[in-house]
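Visitor: The amino acid sequence is not available; the structure is as follows:
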């Protein structure tokens, strides 16, 4: 395929594409080559204020639209995004690094998400509660108001689509602060919404210094809801700002998903599936299988099989055909990966594959496999967020469940077994918002996506994703009050 030129990046405020007026110029780098793809100027405080005014002024108009009218715009935008899928996927791979096959899937899912919310917005039902004669007891849904949403660099398409789709379908206006490193993917989605006829001010895009934008947005009296996909540290900062300003929040703050593999599985098939899932997007996935607890009777076979599969992975620029794993998204992640590998080895783990940066241009780290990893190793304790697959063993079901749950995170968890008893018991006991039984897929447009504990609260996708942008109003209506008959 021909590689498209990287588009110009601007802020989208009040229905217009405008040059940021901030002091800083951001360069967007290709993580596979370290070359500059493009640049843009950050939003200034005046730009942020303009977005707030636009979202506030557009709210009465947008909430006054019928659900059918909102449906038509979102469905049209989804169709336009599909028409641009090849271009959008190539640009996503250029700026984020993931293979084209993954980028194509992400753009398709982003369009599906817009479609799902378009449909679900027409089913934001309230209810009528039986009451006394000539009275009505109603529960109605209303849009929560203007939304501030913050999206990360690892999935710049689906995270933007989830937040915009839910907010817009509910009748809210939105200000998206997208990642500075993957701005063009967000721009394409906004272009599709604009072309679909979205009224000016309903959705606004800001790019710039995260702390400056978040502080100004969340301290205004316009924003009523905050949605974040990001790190635990950022979640805590935004959480404090939200509490200070009485804002409703949805927080997806990462994970460290355990994978429990029992000794009754097809070892080679499960190992291949785990390798494919673990090294997707170079391991930069919040709900990726992360900590592999393998029954001691099959642990050696599992590790050897994983080692062979990992060594076969073709690593290269995401834009190149045949690439199975691309670079890390930025240079910061390389040092962290090396620290995690070194720490595990110092604690007694065996390095079976990879373990270092590739000696070439770009932010490439080898697909790495560690065996006999002790529970105290950082790679099992922290959210690694990279291409490192740590394997440890277990012998007892309750013991491994204790170890799997012994983490502050609770986003995703996985179990592989042919035993109905194991599948049922383990999925009940695992402390996570989502559990995959004999699958590595935890995200569907129809099902809620979210975690517990330090992984956050609230959901995106599914009917819960729409409800996150709605508030309930109870109306108790009685006949007119009149005096006694004369």
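Guide: Alright, I've got the coordinates. Please read these numbers as outputs of a predicted model, since none were measured by experiment.
Visitor: Tell me where the stretch 101-250 of the chain has strands.
Guide: Counting by DSSP state E, counting those that start in this stretch, residue ranges of the strands within the stretch 101-250 of the chain are 127-129, 136-143, 146-150, 174-177, 203-206, 223-229, 248-252.
Visitor: Quick check: which of those strands is nearest to residue 102?
Guide: Nearest to residue 102 among these is strand 223-229 (17.4 Å), distances taken as CB to CB. Any C-beta I mention is one placed from the backbone N, CA and C, and that applies to glycine too.
Visitor: Look up how far residue 331 lies from residue 186.
Guide: With the distance defined as CB to CB, to the nearest Å, residue 186 ends up 22 Å from residue 331.
Visitor: separation between residue 134 and residue 127?
Guide: Here the distance between residue 134 and residue 127 works out to 19 Å (CB to CB).
Visitor: Next, the contact list for the residue nearest the centre of the chain, please.
Guide: Nearest to the centroid of the C-alpha atoms of the chain, with distances taken as CA atoms, centre = their mean, sits residue 159, at 4.7 Å. Under the criterion of CB atoms under 8 Å, 6 or more residues apart in numbering, the contact partners of residue 159 comprise 151, 152, 229.
Visitor: So this structure: which segments form each domain?
Guide: With automatic domain parsing as the criterion, the domains of the chain are listed as 11-253, 257-437.
Visitor: buried ones in the strand or helix carrying residue 48?
Guide: When secondary structure is defined using DSSP states H and E, the element that contains residue 48 is helix 45-64. If you call a residue buried by 16 or more other CB atoms under 10 Å, then helix 45-64 has these buried ones: 47-56, 58-59, 62-63.
Visitor: chain center to it, what's the gap?
Guide: The chain centroid and the centroid of helix 45-64 are separated by 25 Å under CA atoms, centre = their mean, to the nearest Å.
Visitor: angle of that helix against strand 146-150?
Guide: 120 degrees (axes from the mean of the first three to the mean of the last three CA atoms, to 10 degrees).
Visitor: Give the next helix or strand downstream of helix 45-64.
Guide: Counting by DSSP H and E, the element after helix 45-64 in chain order, helix or strand, is helix 67-83.
Visitor: tell me which strands and helices the helix or strand following that following helix is in contact with?
Guide: Along the chain past helix 67-83, the next helix or strand (assigned with DSSP H and E) turns out to be helix 85-96. Using 3 or more CB pairs under 8 Å, 6 or more residues apart in numbering; DSSP states H and E as the contact definition, the elements that helix 85-96 packs against are helix 100-121, helix 183-195.
Visitor: Of all the domains of the chain, which one is nearest residue 469?
Guide: Ranking the domains of the chain by their distance to residue 469 (criterion: CB to CB) puts domain 11-253 first, at 3.7 Å.
Visitor: for the record, mean pLDDT for that closest one?
Guide: For domain 11-253, mean pLDDT rounds to 97.
Visitor: what separates it from the chain centre, distance-wise?
Guide: Using CA atoms, centre = their mean, we find the averaged C-alpha position of domain 11-253 to lie 12 Å away from the chain's own average C-alpha position.
Visitor: got it, and stretch 406-420?
Guide: 19 Å.
Visitor: Just the buried positions in stretch 245-256, please.
Guide: For stretch 245-256, by 16+ other CB under 10 Å, it's 247, 248, 249, 250, 251, 252, 253, 254, 255, 256.
Visitor: distance of the last one from residue 466?
Guide: Okay, so that is residue 256. From residue 256 over to residue 466 the distance is 29 Å, taken as CB to CB.
Visitor: now the fourth one
Guide: Computed with CB to CB, the distance linking residue 250 and residue 466 is 12 Å.
Visitor: With the first one instead?
Guide: The gap separating residue 247 from residue 466 is 19 Å, by CB to CB.
Visitor: do the same with the third one
Guide: Residue 249 is 16 Å from residue 466, where distance means CB to CB.
Visitor: do the same with residue 384
Guide: From residue 384 to residue 466 the distance is 33 Å (CB to CB).
Visitor: And residue 480, by the same measure?
Guide: From residue 480 over to residue 466 (counting by CB to CB), the distance is 36 Å.
Visitor: Among the two, which residue is more densely surrounded?
Guide: residue 466 (24 against 5; other CB atoms under 10 Å).
Visitor: Hmm, residue 119 and the more buried one touching each other?
Guide: No - counting by CB atoms under 8 Å, residue 466 does not reach residue 119; the two are 9.9 Å apart.
Visitor: what sits in contact with each of these two?
Guide: Shared contacts of residue 466 and residue 119, counting by CB under 8 Å, 6+ apart, come down to nothing at all.
Visitor: List the buried residues in stretch 206-213.
Guide: For stretch 206-213, the neighbour count (16+ other CB under 10 Å) marks 206, 207, 208, 209, 210, 212, 213 as buried.
Visitor: beta partners of the residue lying closest to the last one once chain neighbours are set aside?
Guide: Put plainly, it is residue 213. For residue 213, ignoring the flanking residues on the chain, the nearest one in space by CB to CB, 6 or more residues apart in numbering is residue 177 at 4.9 Å. On the basis of DSSP bridges, residue 177 is bridged to residue 150, residue 206.
Visitor: what's the spacing between the host helix or strand of residue 342 and its chain's center?
Guide: Taking DSSP H and E as the criterion, the element that holds residue 342 is helix 332-346. A distance of 24 Å separates the C-alpha centroid of helix 332-346 from that of its chain, computed with CA atoms, centre = their mean.
Visitor: re the thing from before, the buried residues of stretch 206-213: which two are farthest apart?
Guide: Of all the pairs that these form, the one spanning the most space (CB to CB) is 207 and 212, at 11.4 Å.
Visitor: ok, back up a step: so for residue 186 and residue 331, which sits in the more crowded spot?
Guide: residue 186 (25 against 14).
Visitor: and the more buried one, what does it touch?
Guide: When contacts are counted by CB under 8 Å, 6+ apart, residue 186 touches 151, 156, 160, 176, 178, 179, 205.
Visitor: what's the answer for residue 53, then?
Guide: Taking CB under 8 Å, 6+ apart as the definition of contact, the neighbours of residue 53 are 14, 222.
Visitor: Residue 25 too?
Guide: The contact partners of residue 25, by CB under 8 Å, 6+ apart, come to 39, 40, 41, 42.
Visitor: Tell me how many other residues surround the last one.
Guide: Looking back up the chat, that one is residue 42. By other CB under 10 Å, the residues close to residue 42 number 20.
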